[in-house]
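Engineer: Build the 3D model from these lines:
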Amino acid sequence: MSPSRDERSASQPGRPQGRPPAAPLRKIIHVDMDAFYASVEQRDDPALQGKPVAVGGGGARGVVMAASYEARVFGVRSAMPGFQARRLCPELIFVHTRFDAYHAASDQIREIFRSYTDLVEPLSLDEAYLDVTAPKRGPPSATAIARAIKQEILAVTGLTASAGVSFNKFLAKVASDMDKPDGLYVIRPEDAAAFVARLPIERFFGVGPVTARKMREAGIATGADLRERSEAELVNRFGKVGRHYFRIARGEDERAVSPDRPYKSIGAEETFASDLKAPDAMLEALRPIAERVAERMAQADLFGRTVTLKIKHQDFTVHTRQHTLADPVHSAEELMALARWLLHTPGPPDRPVRLLGLTASNFARASPATVPVQLTLGIADLAPAAPAPGAPKA
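Structural biologist: Just a heads-up that it's a prediction; the model follows:
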């Protein structure tokens, strides 16, 4: 009997193509909600169901934060300028963000996760790793647990999720993206080598568009091509991350699912489909980035005193601007206030911007402060500062 659509795997069950490793295997699930922000909006407003929806700004300087699957058919993607999205899909419906609704749904989902295991590592509001090697409840099968989790999420929130099941985090992450939306994909130990060998290099988690292009220029198009290269060659071509590429080409990933992993910094960044030129558009694009950073700080109960703005231009040159505060930053609003100041100090970028990122570091473990961030900047307010004479622009 062939597998049903929601539980596909790298090969047919019962047809092993190799011998599993002798060492005890972990059971890892990666759960990724389907078009999360847009799906919440469609759930809460029946008039949006079945229609192309974008969450974010639809004006000339707005940016798409999330797109429904109906919008993705037209090529609409997150981080795309609003005007471009409208050009691709004239019927596109823009809705404003409602982070309170997204947080509420995320809390319900995480409660379901933690009912099965304490080893839950959230990556954002809409995705997480779970180690169910020794589950608190449910069957011993990780595939059955993943299926049960999907069903409970749908029953409780009305939202669909996709899940990947394997014996390490890398493979589980890749698997969750194989059969979206509402998919369940399993990569068994005996199938891992063949699965990775035929995987296009663009599907490797952690290989971005620029690196993928460099790999293809070097004759690396699939996992099989990557596996043929020595660790020394990969390090020489790609730096220290080459060691990571060498391991994942062999399906190896020893990282643990870590609910309380130590952080040196917490950040997020976004590469844009079209370069941003106007400072207002850059600020609009920074808002969802700030939301992700604030949410991750809250999850870790770590709040940074130092905030760094990363700016990458169309020629791939990178500049950073950094400021350290007397008190930690706790919220997206505070991050945005500082991001606005950093973007304009000493002056806004004078070249098109391909990528923006925000990172918090120099952590304190504390409850949110009541002192507004602008009081700790050492400047009168957060209005754009005048550039110093001769100061370069990013």
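Engineer: Please enumerate the helices of the chain.
Structural biologist: Taking DSSP state H, the helices of the chain run over residues 36-44, 69-72, 82-88, 99-116, 142-157, 169-176, 192-198, 209-217, 223-228, 231-238, 241-248, 279-300, 332-344.
Engineer: Which of those helices has the highest mean neighbour count?
Structural biologist: Highest mean neighbour count of the helices of the chain: helix 169-176, a mean of 26 (counted as mean count of other C-beta atoms under 10 Å). Just so you know, the C-beta spots here come from the backbone N, C-alpha and C atoms, and that holds for glycine as well.
Engineer: For the residue lying closest to residue 352 once chain neighbours are set aside, give its distance to residue 356.
Structural biologist: Residue nearest to residue 352 in three dimensions, not counting chain neighbours: residue 275, with 3.6 Å by C-beta to C-beta, 6 or more residues apart in numbering. Here the distance between residue 275 and residue 356 works out to 11 Å (C-beta to C-beta, to the nearest Å).
Engineer: Neighbour count: these two, which is higher?
Structural biologist: Under the criterion of other C-beta atoms under 10 Å, the comparison of residue 275 against residue 356 puts residue 356 first, with 24 against 15.
Engineer: quick one: contacts for residue 236?
Structural biologist: Under the criterion of C-beta atoms under 8 Å, 6 or more residues apart in numbering, the contact list for residue 236 reads residue 242.
Engineer: Check residue 271 too.
Structural biologist: If a contact means C-beta under 8 Å, 6+ apart, then residue 271 has 79, 208-209, 312, 354-355 as its contacts.
Engineer: Show the buried residues in those residues.
Structural biologist: Those of those that meet the buried threshold are 79, 312, 354-355, by 16 or more other C-beta atoms under 10 Å.
Engineer: What about those residues, which are in strands?
Structural biologist: Using DSSP state E, the members of the buried ones among the contacts of residue 271 that fall in strands are 312, 354-355.
Engineer: Strands of the stretch 251-394 of the chain, residue ranges please.
Structural biologist: Remark: strands of the stretch 251-394 of the chain, listed N- to C-terminal, are 265-276, 303-313, 318-324, 353-364; assignment by DSSP state E, counting those that start in this stretch.
Engineer: Now do the last one against helix 209-217, angle only.
Structural biologist: I take that to be strand 353-364. Using axes from the mean of the first three to the mean of the last three C-alpha atoms, to 10 degrees, one finds that strand 353-364 and helix 209-217 are set 120 degrees apart in direction.
Engineer: Sheet partners, orientation included, of strand 353-364?
Structural biologist: Within its sheet, strand 353-364 is paired with strand 265-276 (antiparallel), strand 303-313 (antiparallel), according to DSSP bridges.
Engineer: Pull the distance from the shortest one to the chain's centre.
Structural biologist: Read it as strand 303-313. Relative to the centre of its chain, strand 303-313 is centred 17 Å away, using C-alpha atoms, centre = their mean, to the nearest Å.
Engineer: Stretch 66-80 too?
Structural biologist: Averaged C-alpha coordinates place stretch 66-80 at 16 Å from its chain's average position (C-alpha atoms, centre = their mean).
Engineer: quick one: average pLDDT of it?
Structural biologist: Confidence over stretch 66-80 (mean pLDDT, whole number) is 91.
Engineer: if I look at the nearest residue to residue 167 once chain neighbours are set aside, how far off is residue 71?
Structural biologist: The spatially closest residue to residue 167, leaving aside those adjacent along the chain, is residue 25, at 4.5 Å (C-beta to C-beta, 6+ apart). Applying C-beta to C-beta, the value for residue 25 to residue 71 is 39 Å.
Engineer: What score does the residue nearest to residue 167 have for pLDDT?
Structural biologist: At residue 25, the model reports a pLDDT of 89.
Engineer: Kindly report the same for residue 383.
Structural biologist: Among the per-residue scores, residue 383 shows a pLDDT of 40.
Engineer: do the same with residue 61
Structural biologist: 61.
Engineer: Report the residue ranges of every domain in this protein.
Structural biologist: Here the domain assignment for the chain is 5-12+23-34+102-248, 36-98, 265-376, based on automatic domain parsing.
Engineer: Least reliable of the ones you listed by average pLDDT, please.
Structural biologist: Averaged per stretch, pLDDT over these is lowest on domain 265-376, reaching a mean of 83.
Engineer: what's the distance between it and the middle of its chain?
Structural biologist: Here domain 265-376 shows a centroid-to-chain-centroid distance of 16 Å under the convention C-alpha atoms, centre = their mean.
Engineer: ok so, going back, hang on, the residue nearest to residue 167 packs against residue 189?
Structural biologist: Yes. Contact criterion C-beta atoms under 8 Å: residue 25 and residue 189 qualify, at 6.1 Å.
Engineer: anything in contact with each of the two?
Structural biologist: Taking C-beta under 8 Å, 6+ apart as the contact criterion, the common neighbours of residue 25 and residue 189 are residue 167.
Engineer: Can you name the residues that contact residue 101?
Structural biologist: Contacts were defined as C-beta under 8 Å, 6+ apart; by that measure residue 101 touches 40, 44.
Engineer: does the residue nearest to residue 352 really touch residue 354, like I thought?
Structural biologist: Yes. Using C-beta under 8 Å, residue 275 makes contact with residue 354 at a distance of 5.3 Å.
Engineer: beta partners of residue 318?
Structural biologist: Partner residues in beta bridges with residue 318: residue 312, with DSSP bridges as the criterion.
Engineer: What of residue 66?
Structural biologist: For residue 66, the beta-bridge partners are residue 55 (DSSP bridges).
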